[in-house]
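A.B. asks: Next input, structure requested:
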Amino acid sequence: MMKELTKEVEIVENEGLVALLGQKVLLMCANYFYGGKLVGVNDSFVQLEDAVIVYETGEMRAAAWSDAQRLPADVWYVQTASIESFGIGK
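C.D. replies: This is a model prediction of the structure:
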């Protein structure tokens, strides 16, 4: 005998990274943290404007990162496969 938990699957539109389009985000990735304005999302990568690489966060609720350095291009791409977590950034 097996006990099963059954639920109906519900498709939720515009959730996850797509819900954060146009906002400043923090992407916690396998090797580095990236911040910037999220301007594009697809299955392979995300697109950031005014992107920074965050070497030292400091207090997470502080107004600015302790050490965040601007990346060399106006637009920067991060592979979605390396993103471990994400949310609203600074």
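
A.B. asks: separation between the closest residue in space to residue 21 that isn't next to it in sequence and residue 51?
C.D. replies: The shortest distance from residue 21 to any non-neighbouring residue, by CB to CB, 6 or more residues apart in numbering, is to residue 38 (5.6 Å). Any C-beta I mention is one placed from the backbone N, CA and C, and that applies to glycine too. From residue 38 across to residue 51, the span is 10 Å (CB to CB, to the nearest Å).

A.B. asks: related to what we said a few turns ago, next, count neighbours for the residue nearest to residue 21.
C.D. replies: 25 (other CB atoms under 10 Å).

A.B. asks: Now do the same contact list for it.
C.D. replies: 17, 20-25, 46-48 (CB atoms under 8 Å, 6 or more residues apart in numbering).

A.B. asks: quick check, distance from stretch 22-29 to the centre of its chain.
C.D. replies: Centre-to-centre, stretch 22-29 and its host chain are 4 Å apart (CA atoms, centre = their mean, to the nearest Å).

A.B. asks: which residues sit against the longest strand seen in the chain?
C.D. replies: Longest strand in the chain by number of residues, with DSSP state E as the criterion: strand 45-56. The contact list for strand 45-56 (CB under 8 Å, 6+ apart) reads 17, 25-27, 32-41, 65-71, 73-80, 83.
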